[in-house]
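Colleague: my questions are about this predicted structure, shown below with the sequence.
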Amino acid sequence: MESILLQKLYSTYGSFSNISSRIKEYNLLRIKRNGTIPLFNLAKNKGLLDEIGYTYEDFIIDYENDIKGYKETKILFKIWCLGCSIKDYANIIGVSYSTLSRGFINGFVGSYSTLLEATAPIIFDNFDNKDVIDLSLEFGEGYCKLIGDKERLIFIREKYKIDYPILPYKDKLNHIAFDGPFYNYLKNLHSCN
């Protein structure tokens, strides 16, 4: 079966020669033979993956065998789309390759929570200030509270993977009190504004 990556390259650039003007020919030949190449190699051609409309869902199908041992595939996809290998990104965030690699395999929970903090800019790169604009935000010592309508809080909790309950608040409002990467992200964002 032809990869989605190859199909999208052909539909965007048309011919083999047009594609090979954008990516190295040996990489294209490898893809053509139904092999995968590290996505981060293609992503080094700035804008290529966006131009062809390559998505996380495409990645899951094309790289199924390469990523089957990883739990953090969405973060891996985002890092590879930056043009970074796991080793490159480990150097950027200042952790060892083996630590970051184990985090991808085991998931960024428990003893790997610091890795989740280190990758927060990538996780929250789609953060939209409109998501929290209609909510009140209160910071405490090591935590913050989002206060507002319950439906809005449910949306935020699911979108940003907040694993804390929504509790009643005064004046028929609700709130979530939480710590972790999203708290740190909001705190840094709030202190910059």
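Modeller: Looks like it arrived, so ask away.

Colleague: centroid residue for the protein?
Modeller: Nearest residue to the geometric centre of the chain (Cα atoms, centre = their mean): Ile75, 3.7 Å.

Colleague: which residue is the nearest non-sequential neighbour of that one?
Modeller: Among residues not flanking Ile75 along the chain, Thr119 sits closest, at 5.4 Å (Cβ to Cβ, 6 or more residues apart in numbering). From N, CA and C alone the C-beta is placed, and that goes for glycine too.

Colleague: make sure that neighbour is actually in contact with Ile93.
Modeller: Yes - the pair Thr119 / Ile93 is scored as a contact, 7.2 Å apart, by Cβ atoms under 8 Å.

Colleague: show me which of those two is the more surrounded one.
Modeller: Thr119 (22 against 15; other Cβ atoms under 10 Å).

Colleague: if we can go back for a sec, and the residue nearest to Ile75, what does it touch?
Modeller: Contacts for Thr119 (Cβ atoms under 8 Å, 6 or more residues apart in numbering) come out as Ile75, Ile79, Ile93, Phe108.

Colleague: under a three-state scheme, what state does the residue lying farthest from the centre of the chain occupy?
Modeller: Centroid-distance maximum for the chain: Asp171 at 36.2 Å, with Cα atoms, centre = their mean. The three-state label given to Asp171 by DSSP: H, G, I helix; E, B strand; the rest coil is coil.

Colleague: show the pLDDT at it.
Modeller: With respect to pLDDT, Asp171 scores 83.

Colleague: now the one 5 residues further on
Modeller: Note on Ile176: pLDDT of 91.

Colleague: pull the residues that contact the helix or strand containing it.
Modeller: Taking DSSP states H and E as the definition, one finds Ile176 inside strand 174-178. Strand 174-178 is contacted from outside by 140, 143-150, 153, 156-157, 162-169, using Cβ under 8 Å, 6+ apart.

Colleague: appreciated, that's everything.
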